[in-house]
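In: Sharing a sequence plus its predicted fold:
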Amino acid sequence: MPDKELQRLRNLRFQAEQMLRMLVDDLKPFRAEDQTLGFRRTPTSTPEPGVENDMNVTTTCSCLMALTMFGKLQAFYGDEYKRIVAEILENLVRAKWMSSGLAENNAFTTTLVLRCYGFLRESPELALPEKPLSKMWSMPRDSSNTAKPEIQQSDRISNPSAHGPLTLEAIAQALARDIQNFSINKYPPASAVVYWFLDGIDRANLDLKDGLKRICDFATEEFRRQRSLVTAHYTAMMDPVAMAMAACLCARLRRVLKKQTGRVAPLDTSSLPSDTELQSSIAELFASQTDSGLWPKYFPLFHYNEAGSNFCYTFELLEAVLLEFGDAENPTLLSETILLGLERAVASCERDRLETMGREYGTRQDYIPYHGWNSGGNLATLRKEQPESWATAVVHMFLRELYDQVSEHIREKLLVAYDAQRDHVETISLDKMLDVRVRIGSQDQSLRAIFKDRLIPKFSDFKGAKSKQLLKRPAPKGPVSALLFGPPGTSKTQVAKAIAAALDWPLVEIDPSRFLKNTFENLYVQAEEIFNDATDMYGVIILFDELDALVQKRGGASQDTESTFLTTYMLPKLAKLHDAGRSIFLMATNFEERFDDAIKRAGRFDMLLCMGPPTLEEKCSRLEIFLGKGKETHKGGELILQYSKSLPEIYDRLALYTFGEFKTFVVSLGSGDDIHTRLSETKEIGFETKVLEDATSVGLRYADLELLQEKSFSGMYTTHPWKRLEDLYGAVFEEGEIVKKVGTPVPSAIRYVMERKRSKFQY
């Protein structure tokens, strides 16, 4: 992706992010005096005289959806937020579902309640009542109080008291029984209202039964009708906004029906418009956008008896468009026409943000500032430049969806640029990897268990495509990073791949070549770009490999000024990546002792893990991994272990073999079908000879450890003289004395024994 285009997306996201930070402060002044009664519409809104527990249902639903979408309920209501939200829901259910003179239980208000319920059902922080929410509800009548002629008496719940409270699912089913039930006053069903209805049903996972078929038929017919008018440029009748909302409805139906496959009888979706038709209609929508970033008012959704016509607000439209056509698998958002249109819309949000003064209702405080947006539906409040709470909530919902979708596109492009590994089919899982024992304090622990019990569960709710939720809510507290160190060949990269496979996340490997691709002189510029990219790549495993030169100890006699500055530069970058908490990052090295101490501190790496060779028991019990499946593989592994246990020094030598070294050795002993036979013929003495010959060429040589005998370095450790490798693992060394006596470089086996004690948890 060209840098210019990437920067354009980042700028758009930054603008949205700046305004998103204001959500809680924007909505707080609109709270009702009794906050369990929700929100007021404007700074001057007051309860209706003589109405007990008066509640603005649609306004409250919009504000509650925005707070839930952001995961800001606790920030808004405090520690009692679960109780308060539960009471708001209870009051919503009990309130009259009517708005500005619309009939009680009208399709619009009912739809908003159902959609709000869907948002709340999706929230992981809420525990909704066990019994579905219900209320006394009947099919609405129009404003003239005569039953709708198109609704047959058998289809209406004319006497709710005879039926008892209805669950929200039953209400949704009743509303979807006939598409004409979505008519409001004299206005026919609008795609926008039906879309919001379906969105709520989908989020709440409610079953509409055969109602989906009726919605499918309506969506198809309405889309084709509206699009034909737009493509014909029939200015007297066309409505690009209605066309786009019909396109969103069709797109959502495809997703809903796909999810329900296998649960209910599948519906024939062949009549729905194709993806190409739907995407083209969105391009046509943006062609009708004005330079202001808004759309002209075409045909109203319906008419309020007390407040005039109600149009689909620009940012209600854009939220739906982004939700249905903005994901990274869809190229629609990145077209020049649409990207420019979104930039105009965000500029409009910045330009049209209002501020006015008003009293906080129910108090005698001085006037306080109200901030937000006005939909323009009510000229009186618009002329006074008063923000509306519901419009403010809707703008924030648009900005939130924009932020998420743009972030997804940025992430997708970066994954391509960094050649991320996404297919984990051939990756060995953690369960099938040979285990390594890591010494934490005085105890050996399973490396596999450390990752499975401490690291992976933190992100268990964000596996695969669910990683996008990391943009909306932080992961639980816990480790997000690890420094993997130890001898070469100890499967550090394989561990990173296995963790990526366990979470179904992409793996991004970053080695020194990434930092040096634009020459050494531009190292800082490239490092800045890499860490900006890493921070943008949520829901990934990032492996920094062999970066020793970039994070080496400062103050060394041989270290140049450039390296000192680079190490210092890396400290806040790693801390920022850690604090973001949206990915797991690992750093792998063979030389932990070269790392600057500040790099290894808590707040950058949560776990320091020395990775050694797998245990000999692991290697012998899984011999088929090295030789392939064969009838003698299992017996061969048992015989190797038997011989080794009778020859302690041989056991310890083989324990130091890395995966690759052990594979080379056992292949030399025989194949999977005859290894047991050949080992039996070789017998113990022959086996010992083979090990002694082979062990001279491995990386961790047992012979080097003999330098650590007490007779060589008196007082070098505080425990008893060692006889077995396990004894040596428990010894406490004076490392400076070892370096002094052995010299540099310290043999790999000795360095491994020393480094093994440096593993620790620090979170």
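Out: Received the coordinates, thanks.
In: so where is the stretch 201-350 of the chain shaky, pLDDT-wise?
Out: For the stretch 201-350 of the chain, the stretches flagged by pLDDT under 70 are 261-268.
In: mind listing the helices for the stretch 501-650 of the chain?
Out: 512-516, 523-536, 561-580, 616-621, 624-627, 633-646, 648-655 (DSSP state H, counting those that start in this stretch).
In: what's the angle from the second one to helix 561-580?
Out: For helix 523-536 and helix 561-580, the angle between their directions (axes from the mean of the first three to the mean of the last three CA atoms, to 10 degrees) works out to 10 degrees.
In: which secondary element of the chain has the worst mean pLDDT?
Out: Least confident helix or strand, the chain: helix 160-163 with a mean of 49, by mean pLDDT, DSSP states H and E.
In: Listing partners with orientation, what would you give for the following helix or strand past that one?
Out: Using DSSP states H and E, the helix or strand that follows helix 160-163 in sequence is strand 166-167. Note on strand 166-167: by DSSP bridges, its sheet partners are strand 134-135 (antiparallel).
In: pretty sure residue 332 is in a helix, no?
Out: Yes - under DSSP: H, G, I helix; E, B strand; the rest coil, residue 332 falls within a helix.
In: how does the chain divide into domains?
Out: Domain segmentation of the chain under automatic domain parsing yields 3-143+179-414, 418-613.
In: and the longest one, how far apart are its ends?
Out: The separation between the terminal residues of domain 3-143+179-414, taken as CA to CA, to the nearest Å, is 11 Å.
In: Could you check how far that domain is from the centre of its chain?
Out: 23 Å (CA atoms, centre = their mean, to the nearest Å).
In: and if you look at the last one?
Out: Averaging C-alpha positions (CA atoms, centre = their mean) puts domain 418-613 18 Å from its chain's average.
In: residues in contact with residue 369?
Out: 29, 355, 356, 357 (CB atoms under 8 Å, 6 or more residues apart in numbering). The way it works is simple: take the backbone N, C-alpha and C, and place the C-beta from them, glycine included.
In: OK, contacts around the second one?
Out: Under the criterion of CB under 8 Å, 6+ apart, the contact list for residue 355 reads 369, 370, 371, 385, 387.
In: what do you get if the cut-off is 7 Å, keeping everything else the same?
Out: Residues near residue 355 by CB atoms under 7 Å, 6 or more residues apart in numbering: 369, 371.
In: going forward, begin numbering at 90 instead of 1
Out: Okay, residue one is now 90; in that scheme the one you just asked about reads as residue 444.
In: Give me the phi and psi angles of it.
Out: Phi and psi for residue 444, reported as degrees, to the nearest 10, are phi -140, psi 130.
In: before we move on, what about the last one?
Out: Backbone torsions of residue 446, given as degrees, to the nearest 10, read phi -110, psi 140.
In: hey, which helix is longest across the protein?
Out: Counting by DSSP state H, the longest helix found in the chain is helix 478-506.
In: Can you report how many residues neighbour the nearest residue to residue 174 once chain neighbours are set aside?
Out: Leaving aside its sequence neighbours, residue 174 sits nearest to residue 162 (CB to CB, 6 or more residues apart in numbering; 5.9 Å). As a burial measure, residue 162 scores 20 neighbours (other CB atoms under 10 Å).
In: doesn't residue 333 make contact with residue 406?
Out: Yes - assessed by CB atoms under 7 Å, residue 406 is found in contact with residue 333 at 6.2 Å.
In: The two: who's more crowded?
Out: Using other CB under 10 Å, the more surrounded residue of residue 406 and residue 333 is residue 333, with 32 against 24.
In: Now do stretch 739-753, average pLDDT.
Out: The predicted model assigns stretch 739-753 a mean pLDDT of 95.
In: related to what we said a few turns ago, so which of the helices of the stretch 590-739 of the chain is nearest residue 320?
Out: When these are compared by CB to CB, helix 612-625 sits nearest residue 320, at 38.1 Å.
In: For the closest one, buried residues please.
Out: Neighbour counts over helix 612-625 (16 or more other CB atoms under 10 Å) mark 612, 615, 616, 618, 619, 620, 622, 623, 624, 625 as buried.
In: between those, which is closest to residue 428?
Out: Checking the buried residues of helix 612-625 against residue 428 by CB to CB gives residue 625 as the nearest, at 17.6 Å.
In: Tell me, how many residues neighbour the nearest residue to that closest one once chain neighbours are set aside?
Out: In space, and not counting its chain neighbours, residue 625 is closest to residue 499: 5.2 Å by CB to CB, 6+ apart. For residue 499, the count of nearby residues is 21 (other CB under 10 Å).
In: Which strands or helices does the host helix or strand of residue 261 pack on?
Out: Taking DSSP H and E as the definition, residue 261 sits inside helix 257-264. When contacts are defined as 3 or more CB pairs under 7 Å, 6 or more residues apart in numbering; DSSP states H and E, helix 257-264 sits against helix 196-211.
In: can you tell me the average pLDDT over the helix it packs on?
Out: Helix 196-211 comes out at a mean pLDDT of 94.
In: Repeat that for stretch 510-519.
Out: Rounded mean pLDDT across stretch 510-519 is 92.
In: Residue 523 should be in a helix, yeah?
Out: No - assignment of residue 523 by three-state DSSP gives coil, placing it outside any helix.
In: Tell me how many other residues crowd the residue nearest to it when sequence neighbours are not counted.
Out: Of all residues not flanking residue 523 in the chain, residue 703 sits nearest, at 3.6 Å (CB to CB, 6+ apart). Neighbourhood size, residue 703 [other CB under 10 Å]: 24.
In: Test my guess that residue 703 contacts residue 746.
Out: No - Residue 703 lies out of contact with residue 746 (CB under 7 Å); the separation is 8.7 Å.
In: Any buried residues in the longest helix of the chain, and which?
Out: Quick answer for helix 478-506 (16+ other CB under 10 Å): 478-504.
In: That helix vs helix 612-625, what angle?
Out: Using the same axes, to 10 degrees: helix 478-506 against helix 612-625 is 120 degrees.
In: who does helix 478-506 touch, helix- and strand-wise?
Out: helix 92-109, helix 112-116, helix 146-159, helix 403-414, helix 425-440, helix 612-625.
In: Can I get the last one as PDB, trimmed to CA atoms?
Out: In other words, helix 612-625. This file holds the C-alpha atoms of helix 612-625, laid out as PDB (Å, rounded to 0.1, in the frame of the first residue of the first chain):
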ATOM      1  CA  LEU A 612      17.500   3.500  10.800                       C
ATOM      2  CA  TYR A 613      15.600   5.700  13.200                       C
ATOM      3  CA  VAL A 614      13.000   6.700  10.500                       C
ATOM      4  CA  GLN A 615      12.500   3.000   9.700                       C
ATOM      5  CA  ALA A 616      12.300   2.000  13.400                       C
ATOM      6  CA  GLU A 617       9.600   4.700  14.000                       C
ATOM      7  CA  GLU A 618       7.600   3.300  11.000                       C
ATOM      8  CA  ILE A 619       8.000  -0.300  12.200                       C
ATOM      9  CA  PHE A 620       6.700   0.400  15.700                       C
ATOM     10  CA  ASN A 621       3.800   2.600  14.400                       C
ATOM     11  CA  ASP A 622       2.900  -0.400  12.200                       C
ATOM     12  CA  ALA A 623       3.200  -2.800  15.100                       C
ATOM     13  CA  THR A 624       0.900  -0.700  17.300                       C
ATOM     14  CA  ASP A 625      -1.700  -0.700  14.500                       C
END
